[in-house]
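Trainee: Fold the stuff below for me.
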Amino acid sequence: MEPGGSGGRGSGGSSSGKGKKDTSEYIYVSDAKDLLDRVGEKVYEEKVKNGDAKKYIEALKGNLNTANGRSSETASSIETCTLVKEYYERVNGDGKRHPCRKDAKNEDVNRFSDTLGGQCTYNRIKDSQQGDNKVGACAPYRRLHLCDYNLESIDTTSTTHKLLLEVCMAAKYEGNSINTHYTQHQRTNEDSASQLCTVLARSFADIGDIVRGKDLYLGYDNKEKEQRKKLEQKLKEIFKEIHKDVMKTNGAQERYIDDAKGGDFFQLREDWWTANRETVWKALICHAPKEANYFIKT
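Mentor: Numbering: from 1, shown residues only. As a prediction, the model looks like this:
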């Protein structure tokens, strides 16, 4: 299962004492996936099994086989990686919908290059204080070229199934890009603090932020800023269509009635991410090496 937290950030630690549940099992995880499975199980219990979202989870949960135009009888595979690959090969014959952008020379972008410098200025990070470039969050090099280009050209009449497949396609190639470029980055930057699994988890969080309408990164130039706006508008239009469908679900009217007023559909998007994040995580780690470790400091 995937990392914990609304946007995908995992956490671990231990606590002891009377009345407190012992969480020391996080210390003894065997590898990254073991840790993330355990954290993910807790998130599932809190946000789905025991939360309000459980009432609508089935209505929002996407099906990759359905999105691929296959019924249960003709389904080719239940493996996320295989289904995303099959879809990509069908829709990307001319290469124009590849999730990862190319540079001016039509070459793969180096995800960890400092060519663009640190993106910490107020006009590039949402909610930063205007005119003050000395404080606030910075966008890491990895974030400057997130592989989500395909999301900008989704059909706005997409269903929850099609949206999931497109998000998984972005996640799969984001994971592949991170695995390729970060491994090279580590070879020449031995002081790099983050492990591969940590970087993947952060990209997972970024994808979650975009889907939920919570992305803080505005873009590194005017063209990129317009692309960010275009993507957000696309997602609003898609969730508008999903909103129409889910409102037919018993009890959904009360939960999502206010979403339509602002046109942002924040609650719906939050619940959609909760329903589908596990599948997106599986797509993200399609190319991740099994030996990728996540070290826990005690």
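Trainee: Strands of the stretch 101-250 of the chain, residue ranges please.
Mentor: Ranges of strands in the stretch 101-250 of the chain, per DSSP state E, counting those that start in this stretch: none exist.
Trainee: all helices of it, in order?
Mentor: 160-188, 196-212, 222-246 (DSSP state H, counting those that start in this stretch).
Trainee: Residue 276: which of the ones you listed is closest?
Mentor: helix 160-188 (5.1 Å; C-beta to C-beta). To be clear about C-beta, it is placed using only N, CA and C from the backbone, and glycine gets the same treatment.
Trainee: Taking their axis directions, the closest one and helix 196-212 sit at what angle?
Mentor: Counting by axes from the mean of the first three to the mean of the last three C-alpha atoms, to 10 degrees, helix 160-188 points 150 degrees away from the direction of helix 196-212.
Trainee: Can you name every helix or strand that helix 160-188 contacts?
Mentor: Identification of packing neighbours for helix 160-188 by 3 or more C-beta pairs under 8 Å, 6 or more residues apart in numbering; DSSP states H and E yields helix 64-67, helix 80-91, helix 196-212, helix 222-246, helix 266-284.
Trainee: Rebuild those helices as a markdown table, extending it with mean pLDDT.
Mentor: Converted to a markdown table, the helices and strands packed on helix 160-188 look like this (pLDDT from 0 to 100):
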| stretch | mean pLDDT |
| --- | --- |
| helix 64-67 | 90 |
| helix 80-91 | 90 |
| helix 196-212 | 89 |
| helix 222-246 | 89 |
| helix 266-284 | 95 |
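Trainee: Which among those helices is found nearest to residue 3?
Mentor: helix 196-212 (4.6 Å).
Trainee: got the helices and strands packed on helix 160-188 as JSON lines, with distance to residue 149 and mean neighbour count columns?
Mentor: Below are the helices and strands packed on helix 160-188 laid out as JSON lines (distance: least, C-beta to C-beta, whole Å; neighbours: other C-beta atoms under 10 Å):
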{"stretch": "helix 64-67", "distance to residue 149": "19", "mean neighbour count": "20"}
{"stretch": "helix 80-91", "distance to residue 149": "13", "mean neighbour count": "18"}
{"stretch": "helix 196-212", "distance to residue 149": "12", "mean neighbour count": "23"}
{"stretch": "helix 222-246", "distance to residue 149": "8", "mean neighbour count": "17"}
{"stretch": "helix 266-284", "distance to residue 149": "16", "mean neighbour count": "23"}
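Trainee: Quick one: low-confidence residue ranges for the stretch 51-200 of the chain.
Mentor: 51-53, 71-77, 93-95, 103-143, 182-194 (pLDDT under 70).
Trainee: that older thread, among the helices and strands packed on helix 160-188, which is nearest residue 162?
Mentor: It's helix 64-67; of these, that one is closest to residue 162 (C-beta to C-beta) at 4.9 Å.
Trainee: can you dump the C-alpha coordinates of that closest one into PDB?
Mentor: Extracted in PDB, the C-alpha atoms of helix 64-67 (Å, rounded to 0.1, in the frame of the first residue of the first chain):
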ATOM      1  CA  LEU A  64      -8.400   0.400 -14.900                       C
ATOM      2  CA  ASN A  65      -9.900  -2.400 -17.000                       C
ATOM      3  CA  THR A  66     -13.100  -0.400 -17.400                       C
ATOM      4  CA  ALA A  67     -11.100   2.600 -18.500                       C
END
